[in-house]
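Student: sequence below, structure please.
(chains A and B)
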Protein chains: 2
Amino acid sequence: MEGTSDRYGVHNGSEILPPKQAVVVKAPQPAVLHKVMAQPAQSSASKMKGKVKETFFPDDPFRSFKGQPLRKKWLMAVKYLFPILEWLPGYSLSLFRSDLIAGLTIASVAIPQGISYAKLADLPPIIGLFSSFVPPLVYTMLGSSRDLAVGPTSITSLIMGAMLQKGVPVSPSEEPTLFLQLALTSTLFAGLLQASLGILRLGFIIDFLSKATLLGFMAGAAIIVSLQQLKELLGIIHFTDKMDIVPVMASVFQHTDEWSWQTMLMGACFLVLLLSARHVSMRWPEFFWISACAPLVSIIISTVLIFLFKGENHNISIIGPLKCGLNHPSWDKLLFDPKYLGLTMKTGLVIGIISLTEGVAVGRTFASIKDYKVDGNKEMMAIGLMNIVGSCTSCYVTTGGFSRSAVNHNAGCKTAMSNVIMALTVMVTLLFLMPLFVYTPNVVLGAIIIVAVIGLLDFSAAYHIWKMDKIDFLVCFCAFAGVIFLSVQQGLAIAVGISVFRVLMQVTRPRMIIQGNIKGTDIYRNIHQYEEAQRVPGFLILTVEAPINFANSNYLNERTKRWIEDESFSANKQTKLRFVIFDLSAVPAIDTSGIAFLIDLKKPTERLGLELVLVNPTGEVMEKIQRANGAHNHFRPDCLYLTIGEAIASLSGEASMATP
Amino acid sequence: MEGTSDRYGVHNGSEILPPKQAVVVKAPQPAVLHKVMAQPAQSSASKMKGKVKETFFPDDPFRSFKGQPLRKKWLMAVKYLFPILEWLPGYSLSLFRSDLIAGLTIASVAIPQGISYAKLADLPPIIGLFSSFVPPLVYTMLGSSRDLAVGPTSITSLIMGAMLQKGVPVSPSEEPTLFLQLALTSTLFAGLLQASLGILRLGFIIDFLSKATLLGFMAGAAIIVSLQQLKELLGIIHFTDKMDIVPVMASVFQHTDEWSWQTMLMGACFLVLLLSARHVSMRWPEFFWISACAPLVSIIISTVLIFLFKGENHNISIIGPLKCGLNHPSWDKLLFDPKYLGLTMKTGLVIGIISLTEGVAVGRTFASIKDYKVDGNKEMMAIGLMNIVGSCTSCYVTTGGFSRSAVNHNAGCKTAMSNVIMALTVMVTLLFLMPLFVYTPNVVLGAIIIVAVIGLLDFSAAYHIWKMDKIDFLVCFCAFAGVIFLSVQQGLAIAVGISVFRVLMQVTRPRMIIQGNIKGTDIYRNIHQYEEAQRVPGFLILTVEAPINFANSNYLNERTKRWIEDESFSANKQTKLRFVIFDLSAVPAIDTSGIAFLIDLKKPTERLGLELVLVNPTGEVMEKIQRANGAHNHFRPDCLYLTIGEAIASLSGEASMATP
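Tutor: Numbers count the residues shown, from 1 in each chain, chains lettered A, B, ... in the order given. The predicted structure follows:
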């Protein structure tokens, strides 16, 4: 290709062909050599500034501010902080119609889920409804996603309940006020963590929870949550406090005498009803509203049935009386007793990270489907502030849940206004409809939870991961197994640990390849990948594909030396090895250990009478080679080449001149 | 360059020029396209086997075994396990002469250091001499380094003493037997850890202690060790148990009443003597023996002085009576009481890792100077076994120390036999000369330690790191500051943490560059590094230089989208952007998130009416692209190119045909 433009003289602007074209020789031609250059010199401070910017402001959120008048800048800043100001002025009736339908639909999901999830977290059912009222209103003002439906989620509810229960010697039924206080305080810490991650622009931390980790984690959590519901579905009264699979199953079969057939029958019927509704909606997506309304319908039917047949006298446990009223202010309930501070902070950390991950992932997913932008760090601030406000208004931790947002999306929501509609519907419920839930049986709430979480078991995604990448599958499986057999935190920690270990291993044991020339071209490629790629006689062309640093310089040293020695001593080569070309094209960075490795590499090559040249060092690497040269001139300019082809042409030219 | 061989028809074996050369057109020529290929298919198991081999056996230690008869294999295996069998049969008198001199020289270092370092570890002085007798003999049989001189080292002694003292409520002077037991047990655990790291071939773990970390750590430890010696140099009786700089300095100035001028005078004189000897040896390396003998000479002179002037009556503390005798078996002293098990295991872990790092680094350094090979994993087994045997024969943790091995090397040692000579000299001392140390003043031991560790403060190396790499310097500085202000373990943990975080950040925020064409060639390079590199109108050529995975796919997604949008909307381009070329040459690996990113990238490009093509996916990446294609055919073969040049030629050919 290089020759193309030369040959026709079209592109380089000169019609006169360079004289070298006229010379026909047998030996390879000493080609035009291009000098290897370093990046323009930059001070350490400005490089550091660039790195910091790329680390914390990769999306450059303020670039549109540049060059605007001050008043405009202020306006833009306010709009940046309150995305509602972006879309509200242009809000129309037709948008409202869509949002109204979507809002009512998610309200019908939110009310039963709110009550159920609060029970999962060992909190009074009404707290779950409170949490579907204030936080959606806060999110509407601050959030940049149009599809996120905000409220409590099953997994965070379960984890919060489990962690608090483990940390306090008494049970939630004995000390309900203490548990509520701890839950609110944990929510505050979760919100503070989320908001500060957003403000400090550390959003990339949640990227370490990869999709594979989340898939395994969610599936494990779904199993754990479902197993907890066996208490309600079987009507067991004395159930274990533990979460992992072994004690739960043991508890189920130790208390067979407590199993109540009435409860089981009712549970089975509603499970079948809800699962059928789910199936229909999955089969025909236009009937999404069937599964969306099914939970509310189930609650209404079951409540009526219990009321008619006096089910509470037949061993079926019911929710019991609930008071009407809106969220109370709860800042006085926040508990900063040093005795519980460690517990609430730890709980806040875990539920904060998990709910943030879920919220941001859901936001990104739907933004990608509808092709609009969600600013990860801004979303974190929104979710964090929502939880901080929530903790002061009797709400526990909330986020944008997968299932609820999917319903919102399917119901055709257009803006965050659907959250307002949902919040208002919940408000009406809180004000007037609470007494209707007295006779709602707990077994139906259990069935609703099971059907809500069952969608988190995504076998086809797991199979896809298995097919694409075995180690990702291992990560997924470890998260799953860790969650169900150990604990939620340990499962997550193991999965993240394996993911990070894999990244570290990729750096510690980087791939090294031998390159060969594709005949008739100037292209050099991996000889194992391309059959046409042929070794160039007398040359060993090595490429390493990772930053060279402390973690791999010893390995590279041993590996390269062995390769060079093997090549140099192998007898079945017609042409003796003369040159080692070390291609640095794929080395993005190097540290002091890496530079020491490059310098050290000259020893074995010189001992064996070989010449070592470096090809195409990139910006940072070239800079450090120059600095190392500053002291001792380890790498003279004539052992640096821009391309492998130029290096080979030049070196074999030298060689043929030296041995005529 | 590609054209060169075509043009002359020399290399491609065909004298007939391809017809495309005859056609002269203005528009770029649709070039010969090379197909992108995947690596030959391999089963997951064989790929996994290859990875495991590369991870754990990068040096392929058994390659010389291949194709040998069984008897030969056995012989080679025995030789592999006992490197002494390699060199002993060919051992000659001239080698012995060199080793004898070196052995006597290091013995003169080992005896004073043994006594001093044992005191640093709060152990009876004789344990230090025991530790210079058995372990060197074990190492001689198992070790593959010819220069390593084995014995206790200052840093491990200090750390062991400090960690054990912190973990036990009583002081070492009250319970000397308990401390000895704990020290021996920690040594056993350290040895077990070291040997198992070697056997499991996990040697790469110590690579995470980079040179920068070690430099800072060693310097910090040298300061800590020196400060501890103020007790001896000033004659203070009530000294703090703490290690970090603040309480030590406080303790020094709280007890000014205990300062003894006699001790201070003596200490100052010997410090000057030892430092001058050190200076002479550094200035004129041929006089290395002056600094090597100085400690022993100082001990002899000071002991004679104290004996003559009855120094023990003048506030100068002395070692006191020592019994003659060789190492006792001590396996009955190993303490597996659960009360102390955690402490000894933790101490064993820390001193095991640190002594291993020191030993392997020293071995590698001298092997590189003399150009022979040291097998890291085999060295670990040798050091580990040496400590296991040591713990059963009244020795505490030993390794190949920096200073001692340097003396050995300078004294002209040829094989590990110099360790045997040293051990025999120490044996003679243990059997007959111990009573001579009764009057040895502790202040001289303190001076010897200070001069021994002062060499660890390597300012020029620190300056070199500062010049080469600011983040490496930060790592070095944090290790230093952490060790002197917090604790040895925390200092190390912080430094390793920063190093690993840097590696992770390189992956999380990989460098992305825009490439341009170097005029008149087929070479594409970073437009910021090469001024000649010119953007190709209508094309955006992006390169990412890291594995694409869960940790960076979100970042890459946002970053790339923004770049494409900016390019696409910028008005000051004469030519509208038509194609985005994503160069994967420097992407060594990809996971499921990375594949999802590549697929997702098609969305914004398609929305903007751009065409996205991928260039040069390497083996693993190509394989996964193919697997992703298996399901949905996201990347048809016509959007994969082997080189940027071919992609541009082909695409602009298409474009000019499409818009004539």
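
Student: may I have stretch A:206-219 as PDB, with CA atoms only?
Tutor: The C-alpha trace of stretch A:206-219 is given here as PDB (Å, rounded to 0.1, in the frame of the first residue of the first chain):
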ATOM      1  CA  ILE A 206     -19.600   0.400  39.900                       C
ATOM      2  CA  ASP A 207     -18.200  -0.600  36.600                       C
ATOM      3  CA  PHE A 208     -16.300  -3.300  38.500                       C
ATOM      4  CA  LEU A 209     -19.600  -5.100  38.900                       C
ATOM      5  CA  SER A 210     -19.500  -6.600  35.500                       C
ATOM      6  CA  LYS A 211     -22.700  -7.800  33.700                       C
ATOM      7  CA  ALA A 212     -21.600 -11.400  34.400                       C
ATOM      8  CA  THR A 213     -21.300 -10.600  38.100                       C
ATOM      9  CA  LEU A 214     -24.700  -9.000  38.200                       C
ATOM     10  CA  LEU A 215     -26.300 -11.800  36.300                       C
ATOM     11  CA  GLY A 216     -25.100 -14.400  38.800                       C
ATOM     12  CA  PHE A 217     -25.700 -12.200  41.700                       C
ATOM     13  CA  MET A 218     -29.300 -11.400  40.700                       C
ATOM     14  CA  ALA A 219     -30.100 -15.000  40.000                       C
END
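
Student: distance check, A:V360 against chain B.
Tutor: For A:V360, the distance to chain B equals 9 Å [Cβ to the nearest Cβ, to the nearest Å]. All C-beta atoms are positioned from the backbone trio N, CA, C, and that covers glycine.

Student: nope, A:V407 is what I was after
Tutor: Distance, A:V407 to chain B, by Cβ to the nearest Cβ: 24 Å.

Student: ok, now A:P617?
Tutor: 9 Å.

Student: wait, is that residue part of a strand?
Tutor: No: looking at A:P617 with DSSP: H, G, I helix; E, B strand; the rest coil, it is coil, so not inside a strand.

Student: low-confidence bits of the stretch 201-350 of chain A, can you list those?
Tutor: A:311-312 (pLDDT under 70).

Student: let me redo that: chain A
Tutor: A:1-32, A:59, A:311-312, A:570-574, A:631, A:655-660.

Student: and stretch A:369-385, end to end?
Tutor: End-to-end distance for stretch A:369-385, by Cα to Cα, to the nearest Å: 26 Å.

Student: now stretch A:455-475
Tutor: Rule used - Cα to Cα; the end-to-end distance of stretch A:455-475 is 20 Å.

Student: give me the buried positions along it.
Tutor: Within stretch A:455-475, the residues scored as buried using 16 or more other Cβ atoms under 10 Å in any protein chain shown are A:456-457, A:461-462, A:464-466, A:468-469, A:471-475.

Student: A:V362 contacts A:L148, correct?
Tutor: Yes: under the criterion of Cβ atoms under 8 Å, A:V362 makes contact with A:L148 at 6.1 Å.

Student: what sits in contact with each of those two?
Tutor: Both A:V362 and A:L148 are contacted by A:400, A:405, under the criterion Cβ atoms under 8 Å, 6 or more residues apart in numbering or on different chains.

Student: what about these two, which has more around it?
Tutor: Comparing A:V362 with A:L148 by other Cβ atoms under 10 Å in any protein chain shown, the one with more neighbours is A:L148, at 31 against 27.

Student: please enumerate the strands of chain A.
Tutor: A:150-151, A:399-400, A:512-518, A:524-526, A:533-534, A:539-544, A:579-583, A:611-615, A:640-641 (DSSP state E).

Student: nearest to A:G67, out of those?
Tutor: For the strands of chain A, proximity to A:G67 was assessed by Cβ to Cβ; strand A:399-400 is nearest, at 34.9 Å.

Student: who's in contact with the closest one?
Tutor: Here strand A:399-400 has contacts from A:139, A:145, A:148-150, A:153, A:156, A:355-356, A:358-359, A:362-363, A:383, using Cβ under 8 Å, 6+ apart.

Student: quick one: name the residues of the stretch 351-500 of chain A near chain B.
Tutor: Listed as neighbours of chain B in the stretch 351-500 of chain A under the rule Cβ under 8 Å from any Cβ of the partner chain: A:364, A:368, A:371, A:376, A:464-465, A:467-472, A:499-500.

Student: for chain B, see how far away A:A277 is.
Tutor: A:A277 is 30 Å from chain B, by Cβ to the nearest Cβ.

Student: mind listing what that residue touches?
Tutor: Each residue near A:A277 by Cβ under 8 Å, 6+ apart is listed here: A:290-291, A:294.

Student: next step: these restricted to helices.
Tutor: A:290-291, A:294 (DSSP state H).

Student: would you list those residues in TSV and tack on neighbour count and distance to chain B?
Tutor: Output for the ones in helices among the contacts of A:A277, formatted as TSV (neighbours: other Cβ atoms under 10 Å in any protein chain shown; distance: Cβ to the nearest Cβ, whole Å):
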residue	neighbour count	distance to chain B
A:I290	16	29
A:S291	24	27
A:A294	24	32
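
Student: and which of the residues you listed is nearest to B:I590?
Tutor: Using Cβ to Cβ, the ones in helices among the contacts of A:A277 come closest to B:I590 at A:S291, 36.2 Å.

Student: could you give the number of residues near A:I564?
Tutor: 21.

Student: still on that earlier bit, got a markdown table for the buried residues of stretch A:455-475, with distance to B:G114 too?
Tutor: Below are those laid out as a markdown table (distance: Cβ to Cβ, whole Å):
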| residue | distance to B:G114 |
| --- | --- |
| A:L456 | 63 |
| A:L457 | 64 |
| A:A461 | 63 |
| A:A462 | 60 |
| A:H464 | 63 |
| A:I465 | 58 |
| A:W466 | 58 |
| A:M468 | 59 |
| A:D469 | 54 |
| A:I471 | 49 |
| A:D472 | 53 |
| A:F473 | 54 |
| A:L474 | 49 |
| A:V475 | 50 |
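
Student: may I have the phi/psi pair for A:L610?
Tutor: Main-chain dihedrals, A:L610, degrees, to the nearest 10: phi -100, psi 160.

Student: thought it was touching A:I564?
Tutor: Yes: counting by Cβ under 8 Å, A:I564 is a contact partner of A:L610 at 7.0 Å.

Student: tell me, what's touching these two both at once?
Tutor: A:577, A:580.

Student: ok, which stretches of the stretch 1-150 of chain A are helices?
Tutor: Listed from the start of the chain, the stretch 1-150 of chain A has helices (DSSP state H, counting those that start in this stretch) covering A:2-8, A:44-56, A:70-81, A:84-87, A:93-120, A:125-130, A:134-142.

Student: quick one: closest of those to B:M512.
Tutor: It's helix A:44-56; of those, that one is closest to B:M512 (Cβ to Cβ) at 9.1 Å.

Student: could you give the angle of the closest one to strand B:512-518?
Tutor: Relative orientation of helix A:44-56 versus strand B:512-518 (axes from the mean of the first three to the mean of the last three Cα atoms, to 10 degrees): 120 degrees.

Student: ok, and for helix A:44-56, which residues are buried?
Tutor: A:E54.

Student: close to chain B, is it?
Tutor: Yes: Helix A:44-56 lies within reach of chain B by Cβ under 8 Å from any Cβ, at A:44, A:48, A:51, A:54-55.

Student: since that was my last question, I'll sign off now.
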